[in-house]
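Peer 1: okay, sequence plus prediction incoming.
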Amino acid sequence: MATINPNKDFTLARNPTGQLQFTDSDGIVFDNVYLVRAFPISAPDEGLSIISKEGHELAWISNLVDMPIQLKELIEAELAQREFMPEILRINQVSSFATPSMWDVWTNKGSTQLILKAEDQIWRLKNNRILITDKNGVNFMINNIEQLDKHSRKLLDRFL
Amino acid sequence: MNSKILHLTPSSRLLPNFWQSIVQSHLENAEELKAWLEINLDEQLHFTEHLLLITNRRLVYFCPDKTHADIPNVSVYEYAYQPDLKLLQHDHAGVYRLELFEHNLRIASWCYTLTSDTSSARFIKQFEQQCTSFITGKPVPAEATEPCPKCRYPLTAEQDECPQCSSEIDTPPSTWTLFRLWRFAKPYQWQLLAGFLLMLASTAATLVPPYLTIPLMDKVLIPYQNGVPIDTDLVALLLGGLLGSALLAWSLGWSKTYILALVSERIGADLRTITYDHLLKLSLEYFGGKRTGDLMARIGSESDRICVFLSLHLLDFATDVLMIIMTAAILVSINPELALVTLLPLPFIAWMIHIVRDKLRTGFEKIDRVWSEVSNVLADTIPGIRVVKAFAQEARESSRFREANQHNLAVNDRINKIWSLFSPSVTLLTEIGLLLVWAFGIWQISKDEISVGILTAFLAYISRFYTRLDSMSRIVSVTQKAASGAKRIFDILDHVSSVPEPSNPVHLDKVSGKIEIRSAGFRYGNRTVIKDLNLTIEPGEMIGLVGHSGSGKSTLVNLMCRFYDVSTGSISLDGVNIRSLPISEYRRNIGLVLQEPFLFFGSIAENIAYGKPDATRAEIIAAARAAHAHEFILRLPHGYDSLVGERGHGLSGGERQRISIARALLIDPRILILDEATASVDTETEKEIQKALDNLVHGRTTIAIAHRLSTLHKANRLVVMDQGQIVEIGNHDELMASEGAYYRLYQAQARNVDTDLDDVISNETIANKEASA
Ligand SMILES: Nc1ncnc2c1ncn2[C@@H]1O[C@H](COP(=O)(O)OP(=O)(O)OP(=O)(O)O)[C@@H](O)[C@H]1O
Ligand SMILES: [Mg+2]
């Protein structure tokens, strides 16, 4: 799909129920649309798709940076509401080095606990990044192992 | 205000202490708490602790202000029940969101993640019931409680997950894993006892020779140096004793090693088969999350490592410990002071072993993981070799393997750094120990406290056991290795199948084939795939399941086969919940043809008879004929005896498909499930198979999934699925008349026979646009 010029090709707004409302170039209105990033982990700002509630793509935004400021703010607010991938800043404590193990962590979203079901729920990504999926399906991210403090790194190392 | 209202029904969960007083002070008189939900995320998705309550009058939201930590300042929002109040829930990537609507206007929304015992589906149900009851004034209908399918623990209305089962899963395996191997050793306890006694005896026998050196030195050699002639009788007796004890030690040692090796080999074999049996019983969910190479490594090499540990290292270690104890006893009985000096370095060495043990354990666990990594690369690449070659990615795969190996090397290098320091240090301590004994011994001799013979005996004893200490120290690493291996095996054994066998199985004598699906819901991990699905299939009815790719057709079939269990709702066969039927008995009633046919290594006949190994040749041929496989099988060089490979190499996709159809037909099932059974055959063959199927379908409950709608002309009813829900049910004519989703699918295919259903979707969108423009 070619890059879309938002003001001409579509409009995005909030309807009274708080849902996103998409209007395409022909004036057809789609309620309750949602936004998804194509590469939420490897390239969050590149490639964003507007999906109808039936699951079909309505528009493709190849780069968020090029968007008009108002639209960008709306999109970012919406994504902040939808996306939930706390970044682990510190691992305070783990209940055991054998899985399942309960971790006490500080994240950029506050402190919480997660349950690691098995070691293979820890994914090593490129550039020292790590993705941890907890028992309930919440994804936690570690942006750079090297930047973790020594204590956290030591604990984490036992699982890698 | 009374506090009784804070307790729900006796068996349900209690409100956390923190909330008790806050909630109490906000409830009105005679207001009853019905359900609660911890809301652990705020609007910005930061972790917090909020609470949502359902009472018999309203919905209350408590939101403590954290800025004044000492005075909990709680904001309370309340929503009294009224018509038009609606609570909706949806989830995305592990975050659940509850939205409260009033006249279709969203007035509030809350986010939370699942914690161990939240269950929002029930919460919403409670809300609806309380709300309705408040408005209509009718009491809430009593709810039937279902026991936990796993352990039969009675579950209350708001529990989705059994607290007993889930807490079991959350506790990590204990560190004393190796002792759990006793379960496997128990059947051999008598052999083990015999082996142990032999070990005692043989160790004792090896300790005789140094003892005989005392009289040899003191009564023969030293008197001779002082001019006394040698007493040949005594010498012969002593030398005879030396030879005798050596021979005794040899034969006892031989039988001990033999018996114990035999036993440990058997323990290893049992461990392997039991683990494999258990693995086979686990649900598809488990296999979905595990990699083949890892599982292979666990069952294959880890169990072997444990076996070697038991038969070799543990045996040696036990012998050594026995020897040390016996030697210590002998030494003390000869001369306590010298014995004390001799044994002095022992605690040091023990301490050192302890230190290194901790460092090595993590390392060895790591090596295991890296090792599975290596086998994972193999298990990934070898089955996918065609893809690798087709895209000319040999170099990349090779570098992936090299990388895994490199990782292995790096981890090993780190461990070896500690490890290589360890052995020389033990040797050094040994030498220092010997030095101590020499010095103290000479001093004692000079004071005439001991004889030369005693010193030689001491030196003979300790040089033995110090050398053993060196090899004993190796037990540290091998124990750690075996323990981590055992842990990984017990990880499999401890895994409770998410599709458990019923504890009170119900047996169905004659299955008529009526299937009822009641408000079934299912998710893969955090992804909801089936939502509130209801369907009743009459005995002998043929259902055609259609819908675009990814709409959940195969998933529904997986649920019907009980490869997975529904997360909510139920599926029953002839009125009996399939969870209470013994799994293999239930599946015997199902003939399944999968989207991706899999053939095992073996002959074609064996593959067809897979579900019924005692089938006669005539039966096999009849099934093959029915599946229109007979002719092509006869064209193969060895007919029905032709070998087909692991992934059915040497057969085309359509041929494999037909063999798997024959396999399903042979067991003469009451229920036939065809998941794209004719997807990979040409139109001609498909027509033939179709004819065969049409006869076979007769009288059986059949669920057929097909993209090509024309293949479903025999279906009594067509079920159209979209996004995990049924959107339409009816026969061809009805659905065509209603001009709904099916009509559009059909039109698209009629226009272009080759159209895939995926294309239909875009057509659909276009149609929408055309309509509204
Ligand atoms: N093991 C799995 N883990 C996670 N998600 C899965 C798994 N299997 C299937 N899914 C997802 O569930 C949804 C339904 O899949 P399903 O296989 O039931 O589709 P289908 O209707 O059979 O499609 P098709 O016609 O292509 O076979 C898809 O979105 C798929 O991505
Ligand atoms: Mg499918």
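Peer 2: Yep, it's here. Ligands and ions are numbered 1, 2, ... in the order given.

Peer 1: name the element A:W106 belongs to?
Peer 2: Per DSSP states H and E: A:W106 is located in strand A:101-107.

Peer 1: now do that strand: which elements does it pack against?
Peer 2: strand A:88-94, strand A:110-116 (3 or more CB pairs under 8 Å, 6 or more residues apart in numbering or on different chains; DSSP states H and E). Any C-beta I mention is one placed from the backbone N, CA and C, and that applies to glycine too.

Peer 1: adding mean neighbour count and distance to chain B, write the ones you listed out as CSV.
Peer 2: Output for those, formatted as CSV (neighbours: other CB atoms under 10 Å in any protein chain shown; distance: least, CB to the nearest CB, whole Å):
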stretch, mean neighbour count, distance to chain B
strand A:88-94, 17, 10
strand A:110-116, 19, 4
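
Peer 1: hey, least reliable of those strands by pLDDT?
Peer 2: Mean pLDDT is lowest for strand A:110-116 out of the helices and strands packed on strand A:101-107, coming in at a mean of 87.

Peer 1: the inter-axis angle of that strand versus strand A:101-107?
Peer 2: 150 degrees (axes from the mean of the first three to the mean of the last three CA atoms, to 10 degrees).

Peer 1: number of residues surrounding B:A329?
Peer 2: Using other CB atoms under 10 Å in any protein chain shown, B:A329 is surrounded by 12 other residues.

Peer 1: in a helix, it, correct?
Peer 2: Yes. Assigned with DSSP: H, G, I helix; E, B strand; the rest coil, B:A329 falls within a helix.

Peer 1: count of residues packed around the closest residue to chain B within chain A?
Peer 2: For chain A, the nearest residue to chain B under the criterion CB to the nearest CB is A:G137, separated by 2.7 Å. Using other CB under 10 Å, A:G137 has 17 neighbouring residues.

Peer 1: one more: B:N534?
Peer 2: 13.

Peer 1: that one sits in which helix or strand?
Peer 2: B:N534 belongs to strand B:527-537, assigned by DSSP H and E.

Peer 1: show me what counts as buried in that strand.
Peer 2: B:528-531, B:533, B:535, B:537 (16 or more other CB atoms under 10 Å in any protein chain shown).

Peer 1: which other helices and strands does it contact?
Peer 2: By 3+ CB pairs under 8 Å, 6+ apart, strand B:527-537 packs against strand B:515-524, helix B:553-560, strand B:725-730.

Peer 1: all helices of the stretch 401-550 of chain B, in order?
Peer 2: Using DSSP state H, counting those that start in this stretch, the helices of the stretch 401-550 of chain B run over B:452-494.

Peer 1: I'd say B:L105 and A:P16 touch.
Peer 2: Yes. B:L105 is in contact with A:P16 according to CB atoms under 8 Å; the separation is 5.9 Å.

Peer 1: ok, for B:S463, nearest residue in space, not its chain neighbours?
Peer 2: Nearest residue to B:S463 in three dimensions, chain neighbours excluded: B:L434, at 6.8 Å (CB to CB, 6 or more residues apart in numbering or on different chains).

Peer 1: just want the residue of chain A that's nearest ligand 1.
Peer 2: Taking CB to the nearest ligand atom, ligand 1 has its nearest neighbour within chain A at A:G55, 9.4 Å off.
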